[in-house]
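**Student:** Sequence and predicted structure below; questions after.
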Amino acid sequence: MELKPGSRWKSAVCTAEAVVVRPPKTPGDLQCGGHPMVPLAAEKPAGLTAAADMSGGVAVGKRYFDEESGMEVLASKPGTGSLALDGRPLQLREAKALPSSD
């Protein structure tokens, strides 16, 4: 799986889609719901369901990252599966607080 900046991926088990913002430092396997994601233009494999421990959901417009590899993705469609890289769950990147304008 070649994770290049701007490459688009979709979940094999739910409706989630993501865009790679920053690729991992080493090759890895982007997953959703416990299964590898597929390129946006590819057909989804039939008969797969999300793993129970990987069904936390993906929120549209949110960024998810992996501290170990440096990878960051942007969720472009919501879904019921959780994002992971090589089995490590991706963390939600919180928005930076803006200074008050008092």
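**Tutor:** That came through fine. Numbers count the residues shown, from 1 in each chain.
**Student:** Which parts of the protein are strands?
**Tutor:** Here the chain has its strands, by DSSP state E, at 8-10, 17-22, 30-32, 35-36, 38-39, 63-65, 72-77, 83-85, 88-89, 91-92.
**Student:** Which elements pack onto the fifth one?
**Tutor:** It refers to strand 38-39. With contacts taken as 3 or more C-beta pairs under 8 Å, 6 or more residues apart in numbering; DSSP states H and E, strand 38-39 sits against strand 8-10. All C-beta atoms are positioned from the backbone trio N, CA, C, and that covers glycine.
**Student:** Could you tell me the average pLDDT over the strand it packs on, please?
**Tutor:** Strand 8-10 comes out with an average pLDDT of 96.
**Student:** can you start the count at 41 instead of 1 from here on
**Tutor:** Yes, from this point I'll number from 41; that puts the last item at strand 48-50.
**Student:** Would you mind measuring from V113 to E57?
**Tutor:** From V113 over to E57 the distance is 10 Å, taken as C-beta to C-beta, to the nearest Å.
**Student:** so what sits against both of those two?
**Tutor:** Common neighbours of V113 and E57, counting by C-beta atoms under 8 Å, 6 or more residues apart in numbering, are W49.
**Student:** who's more crowded, those two?
**Tutor:** Neighbour count, other C-beta atoms under 10 Å: between V113 and E57, V113 has more, with 28 against 21.
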